[in-house]
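Undergrad: predicted coordinates and the sequence they were generated for:
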Amino acid sequence: MIFLIFFLFQREDLRDRFIRLLGSEDLKRTTAALDDAGQRLGRLFLTQLILNATFGVVIGLGLAVIGVPSSPLWGLLAMILRFVPYIGAILAAGLPIALAAAVGSDWTMTLWTAALFVVVEPLTGHVVERLVCGRSAGLSPVAVVVAASFWTWLWGPLGAFALHAAHAVSGRLCQARRPSPVYRRHAGRPAIG
């Protein structure tokens, strides 16, 4: 969170540093790459919001069908907590499961509530999110899974939260950057000028 606040306050300075890092000799191309990366991030965040809202609606409707009281509230809470990687859905499941155990006449309501979260969260997180968020950011699903493994291993839950954004920006900047003569030589391509 501290990094995010720092980045927001220093965004112009960081943009200038990126331009110098990537090459100020081709300012138009570098600026276009940064603008494209920003647009991809905007699409990614909007897609993630829509996906989490859909998750909340499915949870809310499922809890209503099961008979858990205040199901719209639990759906909204599930949507909000889904933004927290790994533990968000677990936290969102805790209160409805406890409430189902408290108001249910037997364990059926509790088991159905737990089963709803056990089925919907992995399906959303491991299948739908990887496909939809990867496409919205212009990433291949395989690259997203590899990036998820790497960033989660490196930074834990914070890495999982930032993986799509970091992968989308770095991928776009690498696509826009012309390879250096050293890279071209090692890749078997002739160096340019």
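TA: Sure thing, it's come through.

Undergrad: any weak-confidence spans in the protein?
TA: Counting by pLDDT under 70, the chain shows low-confidence ranges at 1-11, 18, 22-26, 134-145, 157-193.

Undergrad: so residue 110, which state does it fall into?
TA: The three-state label for residue 110, taken from DSSP: H, G, I helix; E, B strand; the rest coil, comes out as helix.

Undergrad: how far away is the nearest residue to residue 109 once chain neighbours are set aside from residue 32?
TA: In space, not counting the residues next to it along the chain, residue 109 is nearest to residue 100; the distance is 4.3 Å by C-beta to C-beta, 6 or more residues apart in numbering. Bear in mind the C-beta positions are built from the backbone N, C-alpha and C, glycine included. Relative to residue 32, residue 100 is positioned 53 Å away (criterion: C-beta to C-beta, to the nearest Å).

Undergrad: which of these two has more residues huddled nearby?
TA: Of the pair residue 100 and residue 32, residue 100 is the one with more neighbours under other C-beta atoms under 10 Å, namely 24 against 13.

Undergrad: quick one: list the elements packing against the longest helix along the chain.
TA: Counting residues, the longest helix found in the chain (DSSP state H) is helix 27-66. On a contact count with 3 or more C-beta pairs under 8 Å, 6 or more residues apart in numbering; DSSP states H and E, helix 27-66 meets helix 11-22, helix 71-81, helix 88-103, helix 108-122, helix 129-136, helix 157-176.

Undergrad: mind listing residues that contact the third one?
TA: In this case it means helix 88-103. Surrounding helix 88-103, the residues in contact under the criterion C-beta atoms under 8 Å, 6 or more residues apart in numbering are 59, 63, 66, 68-71, 74, 77-78, 81-82, 84, 107, 109-110, 112-114, 117, 121, 125.

Undergrad: what angle do that helix and helix 27-66 make?
TA: Helix 88-103 and helix 27-66 meet at an angle of 10 degrees, taking axes from the mean of the first three to the mean of the last three C-alpha atoms, to 10 degrees as the criterion.

Undergrad: buried residues, helix 88-103. List them.
TA: When burial is assessed from 16 or more other C-beta atoms under 10 Å, helix 88-103 yields the following buried residues: 88, 89, 92, 93, 95, 96, 97, 99, 100.

Undergrad: how about residue 57: what's its closest non-neighbour residue?
TA: Closest residue in space to residue 57, ignoring its immediate chain neighbours: residue 75 at 6.1 Å, by C-beta to C-beta, 6+ apart.

Undergrad: contacting residues for that neighbour?
TA: Taking C-beta under 8 Å, 6+ apart as the criterion, residue 75 is in contact with 56, 57, 58, 59, 60, 61, 63.
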